[in-house]
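Student: generate a structure from the sequence data that follows.
(2 chains, ligands or ions: 1)
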Amino acid sequence: MRFLLDDEQVAFGRALDRMLTAAGTPGAVRAWARGEHGPGLTLWRRLAEAGVFGLAVPEAYGGVGPLPVELAVAYERLGRHAVPGPVVETAAVAALLSRLADAGEPGPAAEWLPRVCAGEARLTLTLPGGGPYALDADVCDGVFVVREGAADEAAEGAGADSGGTGRTPASRPLRRGRLLPAPPPRPPRLFLAGGHGPVQGSVDPARRLARPVPGRELPLPGAAVRAAAAHAADLAAFACAAQALGVGRALLERTVAYVGARTQFGSPVGAFQAVKHRLADTRTGLEFARPLVHGAAVALAAGAPGAAAEVAAAKATACDVAYAAARTALQLHGAIGYTAEYDLSLWIGKARALRSAWGSPADFRALALDLFRE
Amino acid sequence: MDLDLTPGQEAFRAEARAWLAAHVPPVPPRSLETREGFAEHRAWERTLAAGRWSAVTWPEEYGGRGRSLLEWLVFEEEYHAAGAPARVSQNGVCLLAPALFAHGTEEQRARLLPPMASGATVWAQAWSEPEAGSDLASLRSVAVRERGGWLLRGQKTWSSRAAFADRAFGLFRSHADPGRPPHHGLTYAMFPLDAPGVTVRPLGRLDGKPAFAELFLDDVFVPDADVLGEPGRGWRVAMSTAGDERGLTLRSPGRFLAAARRLVALWRETADPADTALRDRVADVAVRARAYQLYGYGVAARLAAGGALGAEPSMNKLFWSELDLALHETALDLLGPYGELADTAGDAPEGGRWADGYTFALAGPLYAGTNEIQRDIVAERVLGLPKGRGGG
Ligand SMILES: Cc1cc2nc3c(=O)[nH]c(=O)nc-3n(C[C@H](O)[C@H](O)[C@H](O)COP(=O)(O)OP(=O)(O)OC[C@H]3O[C@@H](n4cnc5c(N)ncnc54)[C@H](O)[C@@H]3O)c2cc1C
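Tutor: Presented below is the predicted three-dimensional model:
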């Protein structure tokens, strides 16, 4: 057993850190939030050159993956630098399409994945059990929708509210938790959306959300779509957990630096014990969340039957820890932390948004109970 | 990065599992906080030692198996999964032994380790004093130079298991060193609890069980051979043990994994499925036990690759002490009206394991350095925040 990153993986993470620091990422995040995608897309191409998008794509389609451990390393860095865009979603679609290819349906993978690796295609998706919103649909080349239900219903549901207010009719639940009582599933179907409704804001200004509108159905067998979608959901949750870990780390690092420099009552506020203890708890939380993310990576790499539970444990924990880090960071910065012009805001909203992305904390906790199945 | 055991390690796991299946007593011994229970636990230590399982990481010459930290983690998983008894020899094996390996003489190791491994000598830790708890270095008990050794004088307190143990190790002020920081001039000494001049007075712990004790020392003679490390430099020896006390070796992940597994099983058997709040708590605890297990593997891998421990034991201590409480509080809530029964009550579920474990877990945030002190250490040594106890 060697439950430790190897030198190459460590070096890969460092290289991404250096690149993302040099690239002026906060400026790109702010522009992205305004709908100005240019600087973010430049960043996207650099990430592709660094090999980030190939990690989720098998060799047959131009990638080097799937390499879940390297994905964990990379996505933690994306979170640490608050990189905007559908980074998790693109990897999740790559997982979806490569699973379909494994099931004997290579068409979509061959069409999209080489472009993903090259940084030429951005993809996004919605899955049953997740929310109805596709992240960054306005800047994506492919918007995928997996729906359960009859043909007409699927088309109607996918396009609901397009052009409208974007509000969900009260009669339709926003989403069904993965473990809450659900009607018997009907064969899932995969659509490539033809467009999207209005772009709506998130508590993280850099997350731009829209409902996909109906498009073309990719005629694939339901069983294959089901298995592929389940795998994509795991990968999305996993990448999201790694990203959250990075978000938490950035929040802690910035806060430690700030409380060391900010003086009140004649001493750095970081010398006050109440402040120290909150940060010690944040650090401890992060310390014990990372092994869960890495454990999930190992389980995914092995295709272990318990991988979904490991991913769920990682998602619930990393997102909790990141959110707690955000609350602590805001509190310990005082009012400046509440200021949009100050960069801390880039991470605070993200920590909140990631918590309920791809399923709620309760959904993931319930799934994680399978860690101990007799 | 992988989690695969080598064939040799798998064989080790299988050997441990088979041995435990054949030897773990079907009826658990009584609480080791009582006189009868203490004797039963000591008998179990003898059985363990006869199988050479009492100290698997020690060199073979002292009764160990020369196994790695990772293999010890594996052994502990099997140990707790098998429902084996708590270790009455823990102070010796987990706290004194590492100090003997790091700072002892060859003579001390040869004399003290084998009876520790066999349960023939059970040790108590005599660090705390009535006036010196968190601020351990302010201790006042003294060691006065005497021909061929030292005379110990003073009072120690809150000493776990000391009421029934054989020997104790502790820190004493030996060199008056005005102007030097208080952790200078301390000596680490070992003494028998039945030596002339020692009075042991049992204290009831929270549930009244009497193994906890205070010690009164009245010119207790300790020969030079029973001083560990250099006289006057006992703080160094003690601090190397404190890391062990807080770290993995005192509270192995295996213990919490086994409890989490029992908790999830209890939840599956008894819980109202509509109580999603309780389900969240059960899941949370299961996840934390898994996190601790994986963390342990990471630490073992890092040490095996030549890494060193820094202040991680402090984070470790915060994590396991809170996990232990969460496990037991959740179990008691799940048990509803049966949750309040003492471990001695005939109706107590699972022979009172949850109740006894709960009482024990309540002490976790206090002993081995309180959690407030651990948070200071993490803030200062891991995060680099300013030193001192700035109050504002
Ligand atoms: C079950 C149990 C078993 C024990 N076993 C042993 C044993 O075998 N051998 C042994 O030597 N000792 C033992 N102890 C004693 C233990 O080590 C001490 O209780 C511990 O070090 C705390 O000291 P104290 O109890 O004097 O509390 P105090 O130090 O008086 O602390 C009281 C409160 O003040 C807080 N506090 C103190 N200083 C600070 C600070 N600087 N910043 C913030 N908060 C602070 C503490 O965290 C605590 O909450 C045991 C204790 C228990 C409960």
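Student: let me see the ranges of the helices in chain A.
Tutor: Listed in chain order, the helices of chain A (DSSP state H) span A:7-22, A:25-33, A:38-49, A:68-80, A:87-102, A:107-117, A:151-159, A:222-261, A:273-302, A:307-333, A:345-356, A:361-368.
Student: worst mean pLDDT among these?
Tutor: For the helices of chain A, mean pLDDT drops lowest on helix A:151-159, to a mean of 43.
Student: on that earlier part again, pipe the helices of chain A into a markdown table and attach distance to B:L171 and mean neighbour count per row.
Tutor: Every residue, glycine included, has its C-beta placed from N, CA and C. Formatted as a markdown table, the helices of chain A follow (distance: least, Cβ to Cβ, whole Å; neighbours: other Cβ atoms under 10 Å in any protein chain shown):
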| stretch | distance to B:L171 | mean neighbour count |
| --- | --- | --- |
| helix A:7-22 | 40 | 14 |
| helix A:25-33 | 51 | 20 |
| helix A:38-49 | 55 | 18 |
| helix A:68-80 | 43 | 26 |
| helix A:87-102 | 53 | 26 |
| helix A:107-117 | 62 | 20 |
| helix A:151-159 | 71 | 17 |
| helix A:222-261 | 33 | 24 |
| helix A:273-302 | 26 | 23 |
| helix A:307-333 | 36 | 26 |
| helix A:345-356 | 44 | 22 |
| helix A:361-368 | 44 | 23 |
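Student: out of those helices, nearest to B:A305?
Tutor: helix A:7-22 (10.3 Å; Cβ to Cβ).
Student: B:K156 - that's part of a strand, no?
Tutor: Yes: assessed by DSSP: H, G, I helix; E, B strand; the rest coil, B:K156 belongs to a strand.
Student: what sits against B:V264?
Tutor: Contacts for B:V264 were tallied using Cβ atoms under 8 Å, 6 or more residues apart in numbering or on different chains; they are A:369, A:371-372, B:282, B:286.
Student: how close does it sit to A:A368?
Tutor: 10 Å (Cβ to Cβ, to the nearest Å).
Student: where do the contact lists of those two overlap?
Tutor: B:A286.
Student: measure A:A28 to the ligand for me?
Tutor: 43 Å (Cβ to the nearest ligand atom, to the nearest Å).
Student: would you agree that residue is in contact with A:L43?
Tutor: Yes: the pair A:A28 / A:L43 is scored as a contact, 5.1 Å apart, by Cβ atoms under 8 Å.
Student: now restrict the contacts of B:V264 to buried residues only.
Tutor: Neighbour counting with 16 or more other Cβ atoms under 10 Å in any protein chain shown marks A:369, A:371-372, B:282, B:286 as buried within those.
Student: so B:D219 lies in a strand, does it not?
Tutor: Yes: under three-state DSSP, B:D219 falls within a strand.
Student: out of the helices of chain A, nearest to B:P365?
Tutor: Comparing the helices of chain A by Cβ to Cβ, helix A:273-302 comes nearest, at 12.7 Å.
Student: are the closest one and chain B in contact anywhere?
Tutor: Yes: applying Cβ under 8 Å from any Cβ of the partner chain, one finds helix A:273-302 in contact with chain B at A:273, A:275-277, A:279-281, A:283-284, A:287-289, A:291-292, A:294-295, A:297-298.
Student: give me the nearest residue to residue 93, chain neighbours excluded.
Tutor: Chain wasn't specified; assuming chain A. Closest residue to A:V93 apart from its sequence neighbours, by Cβ to Cβ, 6 or more residues apart in numbering or on different chains: A:L123 at 3.9 Å.
Student: can you look at chain B instead?
Tutor: Using Cβ to Cβ, 6+ apart, the nearest residue to B:V93 is B:A55, at 5.6 Å.
Student: follow-up on the earlier one: okay, and the common contacts of A:A28 and A:L43?
Tutor: A:83-84.
Student: show residues contacting stretch B:361-378.
Tutor: A:273, A:276-277, A:280-281, A:283-284, B:133-134, B:158, B:160, B:205-206, B:242, B:245-246, B:250, B:311, B:314-315, B:317-318, B:320-322, B:324-325, B:327-328, B:389.
Student: if we go to 6 Å?
Tutor: A:277, A:280, A:283, B:134, B:245-246, B:311, B:314-315, B:317-318, B:321, B:324-325, B:328 (Cβ atoms under 6 Å, 6 or more residues apart in numbering or on different chains).
Student: can I get that stretch in PDB? Just the C-alpha atoms.
Tutor: The C-alpha coordinates for stretch B:361-378 follow below in PDB (Å, rounded to 0.1, in the frame of the first residue of the first chain):
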ATOM      1  CA  ALA B 361     -15.400   9.300  25.200                       C
ATOM      2  CA  LEU B 362     -16.500  12.200  27.400                       C
ATOM      3  CA  ALA B 363     -12.900  12.400  28.600                       C
ATOM      4  CA  GLY B 364     -11.300  12.400  25.200                       C
ATOM      5  CA  PRO B 365     -11.400  16.200  24.700                       C
ATOM      6  CA  LEU B 366      -9.700  16.500  28.100                       C
ATOM      7  CA  TYR B 367      -6.900  14.000  28.400                       C
ATOM      8  CA  ALA B 368      -3.800  13.800  26.300                       C
ATOM      9  CA  GLY B 369      -3.700  17.600  26.300                       C
ATOM     10  CA  THR B 370      -7.100  19.300  26.100                       C
ATOM     11  CA  ASN B 371      -8.500  20.200  22.700                       C
ATOM     12  CA  GLU B 372      -8.000  23.900  23.400                       C
ATOM     13  CA  ILE B 373      -4.300  23.200  23.800                       C
ATOM     14  CA  GLN B 374      -4.200  21.100  20.600                       C
ATOM     15  CA  ARG B 375      -5.900  23.900  18.700                       C
ATOM     16  CA  ASP B 376      -3.200  26.300  19.900                       C
ATOM     17  CA  ILE B 377      -0.600  23.900  18.700                       C
ATOM     18  CA  VAL B 378      -2.200  23.500  15.300                       C
END
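Student: what mean pLDDT would you report for it?
Tutor: Rounded mean pLDDT across stretch B:361-378 is 95.
Student: so, in contact with the ligand or not, that stretch?
Tutor: Yes: residues of stretch B:361-378 are located near the ligand by Cβ under 6 Å from any ligand atom, namely B:363, B:366-367, B:369-370, B:372-373.
Student: same list, these, but as a markdown table with neighbour count please.
Tutor: Output for those, formatted as a markdown table (neighbours: other Cβ atoms under 10 Å in any protein chain shown):
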| residue | neighbour count |
| --- | --- |
| B:A363 | 17 |
| B:L366 | 14 |
| B:Y367 | 17 |
| B:G369 | 20 |
| B:T370 | 15 |
| B:E372 | 14 |
| B:I373 | 17 |
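Student: please flag which of those sit within helices.
Tutor: B:372-373.
Student: in three-state terms, label the closest residue to B:V227 other than its chain neighbours for me.
Tutor: Using Cβ to Cβ, 6+ apart and skipping residues adjacent in sequence, the residue nearest B:V227 is B:A189, 5.4 Å away. Put simply, B:A189 is strand when judged by three-state DSSP.
Student: neighbours of B:A189, how many?
Tutor: 26 (other Cβ atoms under 10 Å in any protein chain shown).
Student: so for chain B, the centremost residue is which one?
Tutor: B:L250 (3.9 Å; Cα atoms, centre = their mean).
Student: doesn't B:C94 make contact with that one?
Tutor: Yes: assessed by Cβ atoms under 6 Å, B:L250 is found in contact with B:C94 at 5.0 Å.
Student: appreciated, that's everything.
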